[in-house]
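Peer 1: Got a sequence here, can you build the structure:
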Amino acid sequence: MIKLIILLLICGFISLPVLAQQDLGNGWKILGQIQLRSELDGRDFSNSTHPLTFASSKIRLGVEKTFKKKLTLFIQVQDSRVFGSESGTLANSKNLDLHQGYVKLNKLFNWNWSIQAGRFEVSYGTERFFGAVGWHFVGRSFDGIRFVYAPKGFNLQLFGLTVKESVGYIGNANPGVYPYPQEATPSRSIYGFWKKTKINDNNKLDVFGYWEIDRTKVNEETCKLFMPTLGASYWGTFGKISVISEASYQFGDMEGKEISAYLVSAITFYKVGNTKLGLGIDLLSGTNPDDASTKMNTYQATYGTNHKFYGYMDYFINIPLNTMNLGLNDFYITSFYKPNDSKWGFGANVHHFMSNQSDNITVGDNTSPTDENVFGQEIDLTVKYAFIKGTTLVWGGSVFFPGNLMKFMFQPREDVAYWTYLMIIANL
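Peer 2: As a prediction, this is how the structure comes out:
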C-alpha cells in the first residue's frame, strides 16, 4: 500500500507541468485534468477480513474553439480506469471515451437564446439534484440539448436529455424492420427547466422542474416510470451567517405504484475567524413497508452528486436501493478550518443517519424482530494541501459506527467500518 501511494504521488508530480491551461488565442483553448486516487477500503463492517485496496485515475483532455463569440465547439476525451483492471500488462482496456462533445450557438437569430447540443455535463446549484460527480473516476455526462434564455437579469434553461436508448440505429429503412415492436423499444429520458434568480447580492433562488420517463412497458397501459419532480434551492447570507435550503417533490407512477415523495434539506453556516461551522439536516422520504406493494414514497436521488451530501464513505449513493426503500434522515455537523496565508485546510463532518421509515427486522442472534430506524454514525476527516494553483493534494479518513439497520444489511458483520484515501487533483 505504501508503495502504491508513493507511485501515485510521483506520477502526479511528473504530470503537473503539462496541465497549465493553454489559451492559444484566436478563440482556441486546450484544457486538461488528471485525478489520481488510492483507497484503503474496510467498509464491510468486519475487522476479521483484510481491507481492499484500489487505485483509480481519470485523465481528461479538451479542446475548445470559439468563433466570433457566436459559435463554440468543445471536445473532451477521457480515459478512466481502476489500476490493474486489464487482463495483463500487454492488454488494452480500450476505455478511451468522449466525455463531452458539443456545439453551442450563442445569440441565435440575434435573440437572447443560446443552444447547446451534443454530449455535456449537467450541473446545477449545489449538485444535489443534477451534478457532474467529479469525485468519481468516470463522472457523469448526458446526451441531449439545452436552450438558455438569458437576457440581462434573467436566466431560464430548458433541457431534454437521453439517459438510455435501447433501439439500435436503423440505417436501411426496409419493410423487414417495421413495425418495430413496442416492447423492444424502451428508452429513458429527462425533460425539464431550471430558472435562476438573483434576488440581490445576498440572496438567490433557483426554481426547477423535470419529468423523467422510462418507456419500458410493464403492461399494456403502464410504463416503468412516469415521474415529474418540482423543487427549489435558496441561498442567503446574513452577516457571518449563511443558509442553504432545498426542497423537491416527486409524483407520478412507477410500475403501477403511485409516487409521492419529498426531499427537504437545510444547513446553516457560521464563520468564526478562519473556521466555518455548519449544522444541517437532510430528509429524504421513505416507503412504509406495509404500503410497498401499492405506493412508492421513497425519494429517488438519481442524478445528484450524492458523495457531497450523504457521507464520504458512499453508503448512500444509490437511493432508494441503499436505504432498503426506507428513505434517509441525515443530521450532521460540518466544519472547515484554513489558517491565514496557508496552503493547508482541515475539514471534519459528523453524520447521524436514520431511515425515514422504520422496518421490523431481526439482527444477529435475536429471536424476535424489532422496529429499527438507525443506520449509524459516520465521521469524515479531510486534509487539503494547495500544491500550486489548480492542483490539490487531499487525504481523507472515515469511520462508521453501525446501527441495527446497517448491521441487518451486512449481517453477520457488525464491527466499526473504516476507509481512507489519498488523492491528487490537477484542474485547469
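
Peer 1: What values do phi and psi take at the closest residue to residue 317 other than its chain neighbours?
Peer 2: Nearest residue to residue 317 in three dimensions, chain neighbours excluded: residue 306, at 5.0 Å (Cβ to Cβ, 6 or more residues apart in numbering). In this view, the C-beta of every residue, glycine as well, is placed from N, C-alpha and C. Backbone geometry at residue 306, expressed as degrees, to the nearest 10, gives phi -70, psi -20.

Peer 1: Check the burial of residue 306 by counting its neighbours.
Peer 2: Around residue 306 there are 21 other residues, counting by other Cβ atoms under 10 Å.

Peer 1: ditto for the one 10 residues further on
Peer 2: By the criterion of other Cβ under 10 Å, residue 316 has 24 neighbours.

Peer 1: ok, it - contacts?
Peer 2: 306, 310, 322, 323, 328, 330, 353 (Cβ atoms under 8 Å, 6 or more residues apart in numbering).

Peer 1: give me that answer again for 7 Å
Peer 2: 306, 310, 322, 323, 328 (Cβ atoms under 7 Å, 6 or more residues apart in numbering).

Peer 1: Next one: the residue nearest to residue 317 relative to residue 88, how far apart?
Peer 2: Taking Cβ to Cβ, to the nearest Å as the criterion, residue 306 is separated from residue 88 by 35 Å.

Peer 1: and what of residue 413?
Peer 2: Remark: distance between residue 413 and residue 88 (Cβ to Cβ) = 34 Å.

Peer 1: Same drill for those two, tell me which one is more crowded.
Peer 2: residue 413 (16 against 6).

Peer 1: correct me, but the more buried one touches residue 46?
Peer 2: Yes: counting by Cβ atoms under 7 Å, residue 46 is a contact partner of residue 413 at 4.1 Å.

Peer 1: what's the nearest residue to residue 307 if we skip its chain neighbours?
Peer 2: Per Cβ to Cβ, 6+ apart, closest to residue 307 is residue 135, 4.6 Å.

Peer 1: Run a quick neighbour tally on that neighbour.
Peer 2: 18.

Peer 1: what ranges do the strands span in the stretch 301-428 of the chain?
Peer 2: 328-337, 344-361, 370-388, 391-402, 417-427 (DSSP state E, counting those that start in this stretch).

Peer 1: Likewise for the stretch 1-150 of the chain?
Peer 2: Counting by DSSP E, counting those that start in this stretch, the strands of the stretch 1-150 of the chain are 22-25, 28-42, 52-67, 71-82, 96-106, 113-120, 142-149.

Peer 1: between those strands, which one is nearest to residue 276?
Peer 2: Ranking those by proximity to residue 276 (Cβ to Cβ) places strand 28-42 first, at 24.8 Å.

Peer 1: What residues sit buried inside the closest one?
Peer 2: 29, 31, 32, 33, 34, 35, 36, 37, 38, 39, 40, 42 (16 or more other Cβ atoms under 10 Å).

Peer 1: now, which of those sits nearest residue 160?
Peer 2: For the buried residues of strand 28-42, the nearest to residue 160 is residue 31 (26.1 Å; Cβ to Cβ).

Peer 1: Name the nearest residue to that closest one, sequence neighbours excluded.
Peer 2: Per Cβ to Cβ, 6+ apart, closest to residue 31 is residue 62, 4.1 Å.

Peer 1: follow-up on the earlier one: please identify which of the strands of the stretch 301-428 of the chain is closest to residue 141.
Peer 2: Among those, strand 417-427 comes nearest to residue 141, with 16.7 Å by Cβ to Cβ.

Peer 1: now that closest one against strand 52-67, angle please.
Peer 2: Here the directions of strand 417-427 and strand 52-67 differ by 30 degrees (axes from the mean of the first three to the mean of the last three Cα atoms, to 10 degrees).

Peer 1: what angle sits between strand 417-427 and strand 370-388?
Peer 2: 30 degrees.

Peer 1: Just want the most central residue of this protein.
Peer 2: When Cα atoms, centre = their mean is applied to the chain, the residue found nearest the centroid is residue 305 (1.8 Å).

Peer 1: for that residue, what are its contacts?
Peer 2: Residue 305 makes contact with 127, 131, 132, 133, according to Cβ under 7 Å, 6+ apart.

Peer 1: run the last query once more with 6 Å
Peer 2: Contacts for residue 305 (Cβ atoms under 6 Å, 6 or more residues apart in numbering) come out as 127, 131, 133.

Peer 1: Any stretches of the stretch 151-300 of the chain with poor pLDDT?
Peer 2: By pLDDT under 70, the low-scoring segments of the stretch 151-300 of the chain are 182-185.

Peer 1: ranges for the strands of it?
Peer 2: Under the criterion DSSP E, counting those that start in this stretch, the stretch 151-300 of the chain contains strands at 155-165, 187-200, 203-217, 223-238, 241-254, 257-272, 275-284, 295-296.

Peer 1: and the shortest one, what does it pack onto?
Peer 2: This points to strand 295-296. In terms of contacts (3 or more Cβ pairs under 6 Å, 6 or more residues apart in numbering; DSSP states H and E), strand 295-296 is packed against strand 257-272.
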